[in-house]
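Peer 1: Any chance you could fold what I've pasted below:
(one chain, ligands or ions: 2)
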Amino acid sequence: MYTAMVGAYMVSCSGSKGGGGQSEGDGVVKITTADLSGITAAGAVTGGAIASDGGVSVTARGVCWGLASSPVYSAGNSTSDGSGTGTFVSTISGLRPATTYYVRAYATNGTGTYYGNELTFTTLSDSGNPLPTAYNIYLGNTHSHSNYSGDAANGGTPAAIFAAAKGAGYDFDAITDHTQYAIYNTAAWTSTLAAAYDATTPTFVAIRSFEFSGSSPKGHINIFNTPDWLVAVAGNAANTEKSPVSFQGMQTWLGQSENGGAVACFNHPGLTDFNTFALYNPAVQGQFTMIELINVVSRGYDSQAPSNWYYDSFKSALQKGWKVSPVAGCDNHNLTAVAGWGARTGIAATALTRDALYDGMRNRRTFATFDKTLKVFYTVNDQPMGSILVAPQGDLHFSVKCSNASANITKIDVVGVNDRIAATKTFAAKSVDWQVDVPQGDAYYYLVIYEGGAAASPISDATAWVAPVWIQ
Ligand SMILES: [Zn+2]
Ligand SMILES: [Zn+2]
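Peer 2: Ligands and ions are numbered 1, 2, ... in the order given. Here you go, the predicted model:
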């Protein structure tokens, strides 16, 4: 697993120090690097032994590592393991899988920084985590209404909605009916599921879910993958089968064991909806994994002004601590809108099946795009987009793959907190592969994709917004 490059200890330093002949009292630290153990896909255990401080106290010690020989200490690639002489143990974490590293123990005293002998080791392959190549990108819609919604008079039957989505080339479509009207009942819920099963093929997945359409606090939420449905509000022509449930009641319901697989999405999120995103029940926060950054907006198919675009709300939700990923909802209340819609939700999933799509939604591997042919996927330190990275060390290694049949990708931004551009690169190609190391500093990062020509957004110069990664 590792090779000792230098068998005996060696004294060197980063500056002008060095040379032989020093003796006790000259401040030269004698340090060796401990053999490696506990090598995993992301780290290893080593350490050091300080035989002498040369008469000047050691104030910092640990190990440092890098991808090239003779790594030198910096805050981002080192451990800090106490002070003084003697032995110490260092645990390295945050490394890339299947990668060879060079490591040396270091010690700093008043005369400089000294290094032990160099060792190399290779981290294990990351079989415990899916590799990027395990995912495909599927493009579809997470928000449709059929005529069971009560306010969708021309909505079409669930079968007609699914057929329209399939005919328009969607990989998936979810019917998310309002449930608060008298027309909705358990028979509608059941028959929509039957229509979803009937419409699903190897190249198209139909999903049955519902829209919890709350008014106090204001805010609509699509809830996927539950065995039953709720009503959020009463009103004219109100549902006669179920009584309304409050937002808190809905969250309690989500916490019940039969709803453990549920995934929820903030719909058309106004900045003050959901109690200004204060709504927060830690017990079920992990089920709220998506937010509509795009709702309805398209290029000319409908009469709505291109105002239903929720980038500010997306950023507000992130700043309030929600771990949500962007999606696009057609929110069609008529049948023709499905075919004409120009935006898409992208989901990175291992297969085009209902369960695999739910897994992608639950783990925030989604993006919202105004270009219905754009595909994008990225990893950070080999973890897929949507991941939460715990205490990574050193720079964050972004690996981005983006392709588009219809237009060139012109720019990709890695965006941190408060619109900070952490990295950016321009392109002029339909398929790009971008590797970039980003210094740490933000609690989360997401991607914004730009492209030239007609496929750009009607309301901004960007085209797609991609799942964040979070750093804890
Ligand atoms: Zn709604
Ligand atoms: Zn809706």
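
Peer 1: Up against ligand 2, what does this structure have?
Peer 2: 211, 331 (C-beta under 5 Å from the ion). Bear in mind the C-beta positions are built from the backbone N, C-alpha and C, glycine included.

Peer 1: can you list the domains in the chain?
Peer 2: 2-122, 132-471 (automatic domain parsing).

Peer 1: will you turn those domains into JSON lines that also has mean pLDDT?
Peer 2: Below are those laid out as JSON lines (pLDDT from 0 to 100):
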{"stretch": "domain 2-122", "mean pLDDT": "83"}
{"stretch": "domain 132-471", "mean pLDDT": "91"}
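
Peer 1: and those domains, which is most packed in?
Peer 2: Comparing the domains of the chain by mean neighbour count (mean count of other C-beta atoms under 10 Å), domain 132-471 ranks first with a mean of 20.

Peer 1: just to revisit the earlier point, of all the domains of the chain, which one comes closest to ligand 1?
Peer 2: Nearest to ligand 1 among these is domain 132-471; the distance by C-beta to the ion comes to 3.4 Å.

Peer 1: Check whether that closest one comes near ligand 1.
Peer 2: Yes: residues of domain 132-471 are located near ligand 1 by C-beta under 5 Å from the ion, namely 220, 267.

Peer 1: in this protein, which spans are helices?
Peer 2: 158-167, 186-199, 247-254, 273-277, 311-319, 336-340, 354-362 (DSSP state H).

Peer 1: now residue 88: how far from residue 65?
Peer 2: According to C-beta to C-beta, to the nearest Å, residue 88 and residue 65 sit 15 Å apart.

Peer 1: To clarify, my last question referred to residue 135.
Peer 2: From residue 135 across to residue 65, the span is 30 Å (C-beta to C-beta).

Peer 1: ok, the residue of the stretch 201-350 of the chain found nearest ligand 2 - contacts?
Peer 2: Nearest residue of the stretch 201-350 of the chain to ligand 2: residue 331, at 4.4 Å (C-beta to the ion). When contacts are counted by C-beta atoms under 8 Å, 6 or more residues apart in numbering, residue 331 is found next to 143-145, 267-268, 295-296.

Peer 1: Residue 110 contacts residue 27, correct?
Peer 2: Yes: contact criterion C-beta atoms under 8 Å: residue 110 and residue 27 qualify, at 6.6 Å.

Peer 1: How about the contacts made by the closest residue to residue 43 other than its chain neighbours?
Peer 2: Among residues not flanking residue 43 along the chain, residue 93 sits closest, at 4.0 Å (C-beta to C-beta, 6 or more residues apart in numbering). Taking C-beta under 8 Å, 6+ apart, we find residue 93 in contact with 42-43, 391-393.

Peer 1: how much space between residue 93 and residue 334?
Peer 2: Residue 93 is 53 Å from residue 334, by C-beta to C-beta.

Peer 1: How about residue 197?
Peer 2: Taking C-beta to C-beta, one finds residue 197 at 24 Å from residue 334.

Peer 1: what's the answer for residue 139, then?
Peer 2: Residue 139 is 21 Å from residue 334, by C-beta to C-beta.

Peer 1: Next: residue 236.
Peer 2: In terms of C-beta to C-beta, residue 236 sits 21 Å off from residue 334.

Peer 1: can you check residue 379 too?
Peer 2: Plainly put, residue 379 is 39 Å away from residue 334 if you go by C-beta to C-beta.

Peer 1: repeat for residue 440
Peer 2: Taken as C-beta to C-beta, the span from residue 440 to residue 334 is 47 Å.

Peer 1: With residue 92 instead?
Peer 2: Counting by C-beta to C-beta, the gap from residue 92 to residue 334 is 58 Å.

Peer 1: and what of residue 444?
Peer 2: 37 Å.

Peer 1: what do you get for residue 418?
Peer 2: 39 Å.

Peer 1: ditto for residue 351
Peer 2: Distance from residue 351 to residue 334, by C-beta to C-beta: 32 Å.
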